[in-house]
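Novice: quick check, what structure comes out for this input:
(one chain, ligands or ions: 1)
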Amino acid sequence: AETLAKLRMGRADDLLTTLCLATDKPIMLAPAMNRLMWSNAATQDNVLVLKQRGFTLLEPAEGEQACGEVGAGRMPEPLAIFNAVVAFQTKFQEQQKQTDQAWSNAKSFWLGKKLLITAGPTFEDIDPVRFIGNRSSGKMGFAIADVATKLGAKVTLVAGPVQLATPVNVERINVRSALQMFDIVQTVYADADCFISAAAVADFRVAQPAEQKLKKQPGLDNMTLELVKNPDIVAWVSEQSDKPFVVGFAAETQNVIEYAKDKLKRKNLDMICANQVGEFQGFEQNDNALTLITETEEVVQSLSSKTQQAIALLSFIAKQSF
Ligand code: CTP
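Specialist: Here you go, the predicted model:
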């Protein structure tokens, strides 16, 4: 419990936590402790945060504990830990091999290319204190920007309202609403070799945002907001005669591939990245599983970090001729 708490804080006051802080390798945790320590809200919260940061957890076993109590928190059998470590390492090494391959494929292609990316949600104001937004974290678009610059591309990142650090050497332009994002894209798209539309752009905005904060009306139990359609940014870029290579995203909760293929056609995109979103996948997560789709190809990427997905995606684009 103590070590989990220290890892969550990013502390490094002993050898173990120092090593964990000073590595870029994946880390697997196999905690064991008294059942009440394990079920304590503080410990569970630490575990949740560590999982979100990419730590892999081997759940403790249930049964008799060293202290004499019975419950969840017991150390799993050593053989179970050993098998889990071997499986974890094999999976990591396979992913690493694929990533290294994708990286070397992509490097010569992206060097000097100009890439325009939109990322994050857009916020559509209702009044000065309220807005309509969505759960996009921007992490996927930011990971693509980060990887692309490391591959030698010149990246412009048009970011909706997100709390993420700007990747080194990326030119970032912050926007809030879909109209602001559209404005910027219209002025800069012509300079790009490739446009990746990873933003979760609001399809509608409030027709007439109020200038003052809206107040409840006594006796009125319903309220109606009039919404008008926002411009479709990625579809607009695809319509231009001097359009770059255009890549869209399709975040779906069901019929993922079918809906994505429909969007590819309808918006006249060169490629679309489909992903299943839901309670435990896609939005706000560090891991993602994309299916990369063109008119003639369909490649499934298994679940991995958004950075690994970005490398695979940029390597896939590098194989398309444009
Ligand atoms: N997109 C955009 N401008 C919009 C809306 C979406 O550029 N006004 C882009 C997104 O960046 C993404 C793709 O279009 O690349 C998503 O397609 P879309 O049909 O808008 O997806 P949804 O909003 O999920 O729409 P639907 O309700 O049709 O599934």
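Novice: kindly list the longest helix within the chain.
Specialist: Scanning the chain for the helix with the most residues, using DSSP state H, yields helix 78-110.
Novice: average pLDDT for whatever helix or strand comes next after that helix?
Specialist: Heading C-terminal from helix 78-110, the first helix or strand you meet, by DSSP states H and E, is strand 114-119. Averaging pLDDT along strand 114-119 yields 98.
Novice: who does the helix or strand that comes right after strand 114-119 touch, helix- and strand-wise?
Specialist: Scanning forward in sequence from strand 114-119 by DSSP H and E, the next helix or strand is strand 124-127. The contact analysis (3 or more Cβ pairs under 8 Å, 6 or more residues apart in numbering; DSSP states H and E) places strand 124-127 against strand 130-132, strand 204-206. Where C-beta positions appear, they are placed from N, C-alpha and C, glycine not excepted.
Novice: how about JSON lines for these, with distance to the ligand, mean pLDDT and mean neighbour count added?
Specialist: JSON lines is the format used below for the helices and strands packed on strand 124-127 (distance: least, Cβ to the nearest ligand atom, whole Å; pLDDT from 0 to 100; neighbours: other Cβ atoms under 10 Å):
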{"stretch": "strand 130-132", "distance to the ligand": "13", "mean pLDDT": "97", "mean neighbour count": "17"}
{"stretch": "strand 204-206", "distance to the ligand": "9", "mean pLDDT": "98", "mean neighbour count": "18"}
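Novice: any idea of the mean pLDDT for the longest strand seen in the chain?
Specialist: Of all segments of type strand in the chain, defined using DSSP state E, the longest is strand 245-252. Per-residue pLDDT over strand 245-252 has a mean of 95.
Novice: list of residues touching that strand?
Specialist: Applying Cβ atoms under 8 Å, 6 or more residues apart in numbering, the contact partners of strand 245-252 are 136, 140, 193-198, 200, 234, 237-238, 256, 259-260, 263-264, 267-277, 282-283, 313, 317, 320, 322.
Novice: so the helix or strand following that strand versus strand 245-252, what angle?
Specialist: On the C-terminal side of strand 245-252, the nearest following helix or strand under DSSP H and E is helix 256-266. Per axes from the mean of the first three to the mean of the last three Cα atoms, to 10 degrees, the angle that helix 256-266 makes with strand 245-252 is 140 degrees.
Novice: mind listing what M33 touches?
Specialist: Going by Cβ under 8 Å, 6+ apart, the list of residues near M33 reads A1, T43, P60, G73.
Novice: the third one: how many residues sit nearby?
Specialist: Residue neighbour count, defined by other Cβ atoms under 10 Å, stands at 20 for P60.
Novice: can you read off the backbone torsions of D191?
Specialist: As for D191, its main-chain torsions (degrees, to the nearest 10) stand at phi -80, psi -10.
Novice: repeat that for D221.
Specialist: Here is the backbone geometry of D221 (degrees, to the nearest 10): phi -100, psi -10.
Novice: okay, it and the ligand: tell me how far apart.
Specialist: 29 Å (Cβ to the nearest ligand atom, to the nearest Å).
Novice: one more: K267?
Specialist: According to Cβ to the nearest ligand atom, K267 and the ligand sit 6 Å apart.
Novice: repeat that for T156.
Specialist: 15 Å.
Novice: same thing with Q308?
Specialist: Taking Cβ to the nearest ligand atom, one finds Q308 at 20 Å from the ligand.
Novice: can you get me a residue count around that residue?
Specialist: 22.
Novice: what does L220 give?
Specialist: 7.
Novice: now do G219
Specialist: 5.
Novice: up against the ligand, what does the protein have?
Specialist: Contacts of the chain with the ligand, taken as Cβ under 6 Å from any ligand atom, map to 118, 178, 197, 199, 201, 203, 230, 232-234, 248-250, 263.
Novice: run the last query once more with 8 Å
Specialist: For the chain, the residues in contact with the ligand (Cβ under 8 Å from any ligand atom) are 118, 178, 181-182, 197-203, 230-237, 247-252, 259, 263, 266-267, 269, 272.
Novice: filter these down to the buried ones.
Specialist: Among the residues of the chain next to the ligand, those classed as buried by 16 or more other Cβ atoms under 10 Å are 118, 178, 181-182, 197-202, 230, 232-235, 237, 247-252, 259, 263, 267, 269, 272.
Novice: can you tell me, leaving aside adjacent residues, what's nearest to the residue of the stretch 1-150 of the chain found nearest the ligand?
Specialist: Of all residues in the stretch 1-150 of the chain, T118 sits closest to the ligand, at 6.0 Å by Cβ to the nearest ligand atom. Leaving aside its sequence neighbours, T118 sits nearest to A199 (Cβ to Cβ, 6 or more residues apart in numbering; 3.7 Å).
Novice: correct me if wrong: the one you found contacts T122.
Specialist: Yes - with contact taken as Cβ atoms under 8 Å, A199 and T122 are classed as touching, separated by 6.8 Å.
Novice: good, wrapping up.
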